[in-house]
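Undergrad: can't give you the sequence, but here's the structure:
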Ligand code: 0X9
Ligand code: ZN
């Protein structure tokens, strides 16, 4: 029986990708042995206990890098060490090698059985390739298989595209993948079962038929074929790809190699580690190939990255406790719960839905990345909950796959019913600078539908009449950009946004079509500083105590740490900014703020004549890099008495929060904080409470803006005082409109008429 199977898979492998390497045989079993080793679960409560735990572990099964429950492989003596530490290890697997041997024996036994379905035994990489080709051949009208790229060792990475013959085109797309991690054998089985059932139930089951006609499903069963083969041939517990790292270590964890917070918490810079992130985001061919495949799907809406084990449904974010912006966060929470519910109804198994970081922090993960490029990205951890971990008995493949097939049907129906929405991620501007256009960024999420190309539009109007349409430019990942036209001081620009879906739905912002458009008033500059010349700022106050990283006006030089830009090498306007020492030095930490605080003070600003002044600036703050980071803050205060007393304007990075660098625009009415007096001052204080961390701050394009003086006779607010104002007032006055109560005494009478006439004549 075995020879013909191997022959078929070899032939297919050659056909699919020109991959001429001999397949690693099924016997002898894996060379790396785990004799006498056990899997235990411990609960280290402190960083010290965690490091002791990791020290005694041969390998780690649950890839957490924080305190809390962790499953590790250990020898018998290590067990005593753990007990001595008071960690009370609970044994999940008595003998790992016995488990591996038994699994292999069972696989071999099943290979000799006649009436087993394909899903009742684990399969080699070659057998997967053969099966996908046979599926594509059997369902030629519905499915096609293609090689989307090669692994590091030249194995094909394949994708199956599945399409119902009914419904509209183009169709929104849903993507599933398995096996970023080699040893998680049930994950490619599950995604293959999903593909198989979608095809076999099309035209049979109405839910499947509806979803297949509505969506295109894309399945990448094995992202990491080199690691997968290696887990058959050499080390059953292999996780990563097969990169030879510098220093003689092997393997990059593909699920730490994606470009989202790459290099951050929950990933390792050590090639020996199971969560080694690689040398750069997308340093690995496997993650590159799958990235390019996903980015080339124009209508991708949702994605599940299947792993094992723990029975969890995880959604963004995986690296920060911050939650995705609404309505996405609520959507993730609802969908996680609905998928868990669907799973439970099949075989009664509990899968826990949660934000991925609640499991543990991980940076550079695939599902976080798919979310950043505009898909609803999930990670599902399949069976079991604990024992026997990755070595799930083959009789559990089908039940695991069945319950997850129920989950993906729910996912599809949920995506189908998602409504489109528009948001303004930078907020809606309330003021614009007179005479300058303003760039407006919008996020237009099509929900379960497809946007009609060219329909995203910004509508603007100044001073009555019809709105003018401005097409928005697409920036990718559902982001768009438009411009509010330049308007004169004192005038107001009204605006709203719309887009159309192919089914005719119109989506708008503000969301309710009947609500008023947004409006922003044009105001003027009182003070502007691009920091290219000295306009009277001072550095340092008597109690400043930072020893390095003192504020200076200069062109900053870029520094990076762990893949993060800590200090920018660019400014917002001109050549210079104020920066906490802009030199790069020999390392990122050479000239950052250390051991205290450094203060930057504005000149004294006379704002007594300004109408409702607004302070704005661009700021950069990073406390993200370095060990023991996140405790350092950047504080902006204002004073109305020349600097004698201060009130907080904003604080960036409250204790415990990481702040990733980046230039951010801040705009706030001064009167919300202090009264605009003749002696207003602003101070920027960057502090370093934790000397291990890297702290950098910069300020650029500081401005004070003021409302244009109000002209009482300008009744209609079009900035000119003319006959139109008189007629508008007369009309309101004649109708007893409260707006015409010019002296504010609660009545509209002759006295108001005379008072308005007086203001109008004076202009
Ligand atoms: O660590 C991983 O990559 C995944 N778990 S596994 O045991 N299959 O390796 C889970 C990643 C989920 N994301 C976060 N926990 N942030
Ligand atoms: Zn995994």
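TA: Happy to help now that I have it. Since the model is a prediction, treat every value here as computed from it, not as a measurement. Ligands and ions are numbered 1, 2, ... in the order given.
Undergrad: where does the protein dip in pLDDT?
TA: Low-confidence segments of the chain, defined by pLDDT under 70: 1-29, 63-66, 513-514, 562-563, 625-631, 654-658, 690-692, 709-711, 717, 719.
Undergrad: residues from it in reach of ligand 1?
TA: For the chain, the residues in contact with ligand 1 (CB under 6 Å from any ligand atom) are 62-63, 181, 184, 255, 307, 314, 318, 356-357, 359-362, 365, 379, 381. Just so you know, the C-beta spots here come from the backbone N, C-alpha and C atoms, and that holds for glycine as well.
Undergrad: so which of those residues belong to helices?
TA: When these are checked against helices (DSSP state H), the matches are 356-357, 359.
Undergrad: whichever helix or strand residue 761 is part of: which residues count as buried?
TA: With the criterion set as DSSP states H and E, the secondary-structure element containing residue 761 is helix 750-762. When neighbours are counted by 16 or more other CB atoms under 10 Å, the buried residues of helix 750-762 are found to be 752-753, 756, 759-760.
Undergrad: list the residues that contact the residue in the stretch 251-400 of the chain that ligand 1 sits nearest to.
TA: Scanning the stretch 251-400 of the chain for proximity to ligand 1 using CB to the nearest ligand atom identifies residue 318 as nearest, at 2.6 Å. Each residue near residue 318 by CB atoms under 8 Å, 6 or more residues apart in numbering is listed here: 266, 356-357, 361-363, 365, 367-368, 379.
Undergrad: what's the closest of those residues to residue 591?
TA: When these are compared for distance to residue 591 (CB to CB), residue 363 wins out at 25.7 Å.
Undergrad: what's the closest non-adjacent residue to residue 430?
TA: Excluding its sequence neighbours, the residue lying closest to residue 430 (CB to CB, 6 or more residues apart in numbering) is residue 520, at 5.7 Å.
Undergrad: wait, residue 33
TA: The shortest distance from residue 33 to any residue other than its chain neighbours is 5.6 Å, reached at residue 97 (CB to CB, 6+ apart).
Undergrad: and residue 122, by the same measure?
TA: The shortest distance from residue 122 to any non-neighbouring residue, by CB to CB, 6+ apart, is to residue 185 (5.2 Å).
Undergrad: also residue 508?
TA: Spatial nearest neighbour of residue 508, excluding adjacent residues (CB to CB, 6+ apart): residue 498 at 4.8 Å.
Undergrad: same check, this time on residue 502
TA: On the basis of CB to CB, 6+ apart, the spatially nearest residue to residue 502 that is not a chain neighbour turns out to be residue 450, at 4.7 Å.
Undergrad: one step back: quick check, the residue nearest to residue 122 in contact with residue 392.
TA: Yes: under the criterion of CB atoms under 8 Å, residue 185 lies in contact with residue 392, with a separation of 7.3 Å.
Undergrad: higher neighbour count, these two?
TA: Each of residue 185 and residue 392 had its neighbours counted (other CB atoms under 10 Å), and the higher figure belongs to residue 185 (26 against 21).
Undergrad: residue 267 touches residue 360, doesn't it?
TA: No: the pair residue 267 / residue 360 is not scored as a contact, 11.1 Å apart, by CB under 8 Å.
Undergrad: look at these two and report which has more neighbours.
TA: Remark: of residue 267 and residue 360, residue 267 carries more neighbours, 27 against 18, as counted by other CB under 10 Å.
Undergrad: and the more buried one, how far is that from residue 277?
TA: Distance from residue 267 to residue 277, counting by CB to CB, to the nearest Å: 4 Å.
Undergrad: and if you look at residue 448?
TA: When residue 448 is compared with residue 277 (using CB to CB), they lie 34 Å apart.
Undergrad: look at these two and report which has more neighbours.
TA: The residue with more neighbours, out of residue 448 and residue 277, is residue 277; 30 against 20, by other CB under 10 Å.
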